[in-house]
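1. no sequence on this one, just coordinates:
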């Protein structure tokens, strides 16, 4: 069977379970538990004969040998027992619960997975299957899973621009389902002839991540295992700790990240009257330039602190990071002083599963301390103005970002050429602004546009009605999200 047919076969069973109230996310979690158990069992057999740490009483065959109520009871016990194990095994089964209450349907799912030899299947095929399932899960708006899923076309474009080299350490402090890790892994394999040591480094020492949501971390770890990153019987490469609480234990060469958007960091506590209250959470880090409860500004500061003096980063940030005053202005000034902020890619709406998101990608290179600002000029690519994407009818594809990648000139970004010219090409999307120009702007705002919005100037050139409606909805939802943040802070 080809990749698509396996994805379709595995996913089609979910429609049966939906009638029992099992959502996409719950189904994907059950698949993760069962695929992991099947792979662990295959590894324990000849010629591998590896001890994954799963007792015989709770291995794959302990499931296939039972039916009915006995199977259901045993599955619940198995999940609880394996959740107490150490290493990757324990992380996969942390807080695991059985969400399939019908034993006959659980048995059918086990048979479905038992039909496939997962270890002998190529990493590309296994990875494609699981990525396909993750994307289908992200499309389920009600589950909210989309917030952990960055469009793969955007990830590939970012990774391509970074021109990764072998023996490079790569981190993502909010790694979601691991999209950046997988794209980086694929890039390094496709663009370099890796020797044995380099392959071992790529598998075991390249990637470091943080993901505080247990269910999302589980999906990330399974995604990595299926792509041949790390070992099924090894330690977890993804930490459950909040990356913002303390400085990174290790400095890295590259950070690729799309930190969570949305509300400010907060914590819930009980007051003297016994009532639940929320309080904005400010991280008191000595290595931060500004103390703020703004989660995105904290991630920008943290990411810079993670980098080696020669480190580089590509980070997705919402618009407020570009223009917010107070701590935002401090962070932007310090970022341009201490790093070389050389590129801003302005993204259109309609490409993220979370509605109303207006985002950008910041590319910056770290440097050793200097009395002079490292940023001399910032290049902008405006892929937002007069661009219309929707998740289903017109999703973002890698070819949509080909012009940006060509303009970026990853082979030598010091030879960039602007496509915007005031007289010859006023519609060019690629131009630069000097450090002096930006620092003189109100609040040192990086929120810069120069193209005219054709929908405002030319009534004959309006987008299609459904595109226009989708854009209006996104703008309203983005505004509502801002108002909710203000309300929660009052």
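-> That came through fine. Not measured: the values here are computed from a predicted model.

2. need the distance between the two termini of stretch 92-102.
-> Terminal residues of stretch 92-102 lie 23 Å apart, using CA to CA, to the nearest Å.

3. sorry, that was for stretch 305-324
-> One end of stretch 305-324 sits 21 Å from the other (CA to CA).

4. ditto for stretch 436-444
-> Stretch 436-444 has its terminal residues 10 Å apart, counting by CA to CA.

5. pLDDT weak spots in the stretch 351-490 of the chain?
-> 353-355, 455-464, 467-468, 471, 474, 478, 481-482, 484-490 (pLDDT under 70).

6. what about the strands in it?
-> 359-366, 377-382, 430-434 (DSSP state E, counting those that start in this stretch).

7. for the stretch 1-150 of the chain, same thing?
-> With DSSP E, counting those that start in this stretch as the criterion, the stretch 1-150 of the chain has no strands.

8. the bottom helix or strand of this protein by mean pLDDT?
-> Here the helix or strand of the chain ranked lowest by mean pLDDT, DSSP states H and E is strand 266-270, holding a mean of 43.

9. give me every residue that touches residue 92.
-> 32-33, 36, 82, 218, 221-222 (CB atoms under 8 Å, 6 or more residues apart in numbering). Where you see a C-beta, it was placed from the backbone N, CA and C, and this is true even at glycine.

10. go with 10 Å
-> Taking CB atoms under 10 Å, 6 or more residues apart in numbering as the criterion, residue 92 is in contact with 32-33, 35-37, 40, 82-83, 85, 217-219, 221-222, 225, 232, 236.

11. nearest to residue 44, out of the strands of the stretch 351-490 of the chain?
-> Of all the strands of the stretch 351-490 of the chain, strand 359-366 sits nearest to residue 44, with 43.4 Å by CB to CB.

12. report the contact partners of the residue nearest to residue 14 when sequence neighbours are not counted.
-> Nearest residue to residue 14 in three dimensions, chain neighbours excluded: residue 27, at 4.6 Å (CB to CB, 6 or more residues apart in numbering). Residues near residue 27 by CB under 10 Å, 6+ apart: 10-11, 13-18, 99-100, 109, 133, 136-137.

13. hey, where'd the helices end up in the stretch 51-200 of the chain?
-> In the stretch 51-200 of the chain, the helices defined using DSSP state H, counting those that start in this stretch lie at 60-64, 68-82, 87-92, 103-114, 123-138, 152-162, 179-191, 196-204.

14. indicate which one of the ones you listed is closest to residue 469.
-> Closest to residue 469 of those is helix 123-138 (CB to CB; 22.2 Å).

15. ok, back up a step: now the strands of the stretch 351-490 of the chain in CSV, with distance to residue 302 and mean neighbour count?
-> Listed next are the strands of the stretch 351-490 of the chain as CSV, based on distance: least, CB to CB, whole Å; neighbours: other CB atoms under 10 Å:
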stretch, distance to residue 302, mean neighbour count
strand 359-366, 13, 22
strand 377-382, 21, 21
strand 430-434, 26, 17
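
16. touching, residue 188 and residue 160? I think so.
-> No. Using CB atoms under 10 Å, residue 188 is not in contact with residue 160; the gap is 11.8 Å.

17. for the two, list the residues in contact with both.
-> Common contacts of residue 188 and residue 160 (CB under 10 Å, 6+ apart): none found.

18. pull out the buried residues from stretch 47-56.
-> Across stretch 47-56, burial judged by 16 or more other CB atoms under 10 Å covers 52, 54.

19. no, scratch that, I was asking about stretch 183-193
-> In stretch 183-193, counting by 16+ other CB under 10 Å, buried: 183-189.

20. if anything else comes up later, I'll come back, but that's it for now.
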